[in-house]
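Asker: Predicted model, plus sequence, below.
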Amino acid sequence: MDTPPVDIKRGLEGVIFTETRLSAIDGDAGKLSYCGYDIQDLAAGASYEETAFLLWYQRLPATTELQMLSDWLRANRRLPKVVWGIMHSLPEQATPMEALRTIASTLSMFDRSCVHEEIGGSSLCRSVSLTAKLPTVVASFDRLRRDRPPIEPRPDLSHAANLLYMLSGEEPNPAAAQALETYFVLLADHGMNASTFSARVTASTLGDVYSAVVTALGTLKGPLHGGASQKAMEQLLEIGSLENVDAWFDRKMDTRDRLFGFGHRVYKAEDPRATILRKMAQDVAQRTGHTQWFDMSARLEERVRAHPYFQERRIYANVDFYTAPLLWALDIPLDLFIPMFAIARIAGWTAHLLEQQRNNRLIRPRAYYVGPRDLGFGDITEREPLVEAQPEAHCVAGRPANCPAALEVPPRF
Ligand code: ACO
C-alpha cells in the first residue's frame, strides 16, 4: 500500500519537471525574457516572425534568416481546398475557438508536405505550417459566419497585418497592425503555463505537432487561462460605464466573486506584459478617441490595487486584463480574443514541443488514491439505484439536469 505523500500539489505549484531554454519568469520581480532577451526589448523591437525564430531556433535570426522564415510562413498561409468544405459544414452555433480547435485537428489529415523530412525537421515544418494557417482559419471562419466570403491571405503583409486584412478585407492601419504584432510578441511564450504544459505532455508521448497544438488549444480556452481575456471584456461590458465601476467592484467584493484578468500563479508582482499592454491600450484608445474601455479598466485596476484583499494576496492585473480593452479598440470581436491568444502562443507551444522532443521523457505523474478499497463486486441486481429510472428523459439524452445528481460535480476554481 502507498504511504501518503507529504505534500500534494493539486495545481503542481512550484513543481519543476524539466529544464527549458525558452522563457524565464521571475515572479517576484515581475520579469520575463525569451531565450535571454527581456520582453520589453522584444516588444519594442522584434516582429512576431523574429520572435518565432527566436523560440524555434533559440537564437535571434540574421536578416537573411528572418527573410527565410517569413517567406516560409507566408508560403503556408493558404488552407487546403477540402478544409473549406469542412468549415462550411460547421454548425451555426460553433464558436471561433471550437472551429479553430476542429480545423487545426482536421489540417493534420491534409498536411503531408512535411512527411519526408527527418524527425525534428518534420516537427518544425509542421509547426511553421500550422502557425501560418491559424490566422487564416480564424479570419475565414469569422467571415463565413457573417455571410461574407473569406479573403485570401496577402503574401506582402506581415503575420499580424495579414490577419487584420483577412478579417476586414481592408488595408490595415499600420498602427493597429503594429499593436497586434506587439501583442503577439508579448504572448508568444510564457514558461510552463497550463496550455504549454498540456502540449508538452502530448509531445512526451511522442505525439505529433497537430495533436499537441489541439491539446493546447483545448487547455487555453478555459476562463482561468486564455479564456480570461474574453471574460475580462465581458466584465467591462457588464459594468457599462466609468461611473458604474466603483459600485460594480464593491458588489463583487461583497459576493467574493473572482475578478477575471487579475491574479497569477507565478507573478506576485505586476505582470510585465500587463505593464506594456496597459500603455498600448491607452495609446490605441487615445488614437481612436474611444477611451471609455481603457478608462474603466484603469479605474477597476486602481480599486483592486488599493484593496487590502488583493494587497494581502499580492494579486495584480495579469496579461489578460489590458488585452481586453486593447483588442476591443482594435475592433477584434469578443469571441476572437481567445483565438488571438492562440495565434500568438502557437510559437511557444511548438517551440516547447521541439524542446521536449530533443530530450524526451514520458510525463506521467501520480495521484494519491483516497477512495475505498477491497469492495466486493457482486451482481448488478443487488445494487440500489441512486435515482429512479426516467425512461423519457435521462442523462444519455444529454441534459445534465436529468442526470443523477451524484454525477453532477460543480466546477471549483
Ligand atoms: N479575484 C479574486 N480573488 C482571487 C483572484 C481573482 N482574480 N485570483 C486569486 N484570488 C484569491 C483566491 O480566491 C485565493 O484566496 P484565498 O487565499 O482566500 O483562498 C488566493 O487569491 C489565491 O488564489 P489561488 O486560486 O490559490 O491562486 P492560483 O495560483 O491557483 O490562481 C489564477 C491563479 C487561476 C490565475 C487566479 O488568480 C484566477 O483565477 N484569476 C482570474 C482568472 C484569470 O485572470 N486567469 C488568467 C491568468 S493569466 C493566463 O493564464 C494567461
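Answerer: Perfect, thanks for sending it.
Asker: Name the nearest residue to the residue in the chain positioned nearest to the ligand, ignoring sequence neighbours.
Answerer: Closest residue of the chain to the ligand, C-beta to the nearest ligand atom: residue 263 (2.2 Å). (C-beta placed from N, C-alpha, C; glycine too.) Nearest non-adjacent residue to residue 263, counting by C-beta to C-beta, 6 or more residues apart in numbering: residue 315, 4.6 Å away.
Asker: Phi, psi for the one you found please.
Answerer: Note on residue 315: backbone dihedrals following degrees, to the nearest 10 are phi -100, psi 130.
Asker: element containing residue 323?
Answerer: Per DSSP states H and E: residue 323 is located in helix 319-329.
Asker: my guess is the residue of the chain closest to the ligand meets residue 314, correct?
Answerer: No. With contact defined as C-beta atoms under 8 Å, residue 263 and residue 314 do not form a contacting pair (9.1 Å).
Asker: Comparing these two, which residue is more hemmed in?
Answerer: residue 263 (21 against 13; other C-beta atoms under 10 Å).
Asker: if I look at that one, how far off is residue 320?
Answerer: In this view, residue 263 and residue 320 are 10 Å apart by C-beta to C-beta, to the nearest Å.
Asker: go on, residue 65?
Answerer: Counting by C-beta to C-beta, the gap from residue 65 to residue 320 is 33 Å.
Asker: So these two - more neighbours on which side?
Answerer: Neighbour totals were compared for residue 65 and residue 320, and residue 320 leads with 29 against 14 (other C-beta under 10 Å).
Asker: my guess is the more buried one meets residue 228, correct?
Answerer: Yes. With contact defined as C-beta under 8 Å, residue 320 reaches residue 228; the gap is 4.0 Å.
Asker: pLDDT below threshold where in the chain?
Answerer: Applying pLDDT under 70 to the chain flags the ranges 1-5, 115-121, 389-413.
Asker: Around the ligand, which positions in it sit nearby?
Answerer: 11, 193, 224-226, 228, 258-265, 313, 315, 318-320, 413 (C-beta under 6 Å from any ligand atom).
Asker: Those residues, buried ones only, as a PyMOL selection?
Answerer: Selecting only the buried entries of these in PyMOL, with 16 or more other C-beta atoms under 10 Å as the criterion:
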select buried, resi 193+225+226+228+259+260+261+262+263+264+265+315+318+319+320
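Asker: Restricted to helices, list the residues of the chain next to the ligand.
Answerer: If you go by DSSP state H, the residues of the chain next to the ligand have 228, 319-320 in helices.
Asker: Can you check which residues contact both of residue 320 and residue 228?
Answerer: 260-261 (C-beta atoms under 8 Å, 6 or more residues apart in numbering).
Asker: Give the burial count for residue 97, as a bare number.
Answerer: 24.
Asker: ok, now which ones touch it?
Answerer: With C-beta under 8 Å, 6+ apart, residue 97 has these contacts: 217, 221, 335, 338-339, 342.
Asker: Could I get those residues in a markdown table, plus columns for secondary structure?
Answerer: Compiled in a markdown table, the contacts of residue 97 are given as follows (DSSP: H, G, I helix; E, B strand; the rest coil):
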| residue | secondary structure |
| --- | --- |
| 217 | helix |
| 221 | coil |
| 335 | helix |
| 338 | helix |
| 339 | helix |
| 342 | helix |
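Asker: which two in the residues you listed are spaced the farthest apart?
Answerer: 217 and 335 (14.3 Å; C-beta to C-beta).
Asker: what about the two, which has more around it?
Answerer: Higher neighbour count among residue 217 and residue 335: residue 217, with 28 against 15, using other C-beta under 10 Å.
Asker: so where do the strands sit in this protein?
Answerer: For the chain, applying DSSP state E gives strands covering 23-26, 31-34, 37-38.
Asker: Which among those is found nearest to residue 280?
Answerer: Going by C-beta to C-beta, the one of those nearest residue 280 is strand 31-34, 15.8 Å.
Asker: Within the sheet, what are the partner strands of that closest one, with directions?
Answerer: Its sheet considered, strand 31-34 pairs with strand 23-26 (antiparallel), strand 37-38 (antiparallel) by DSSP bridges.
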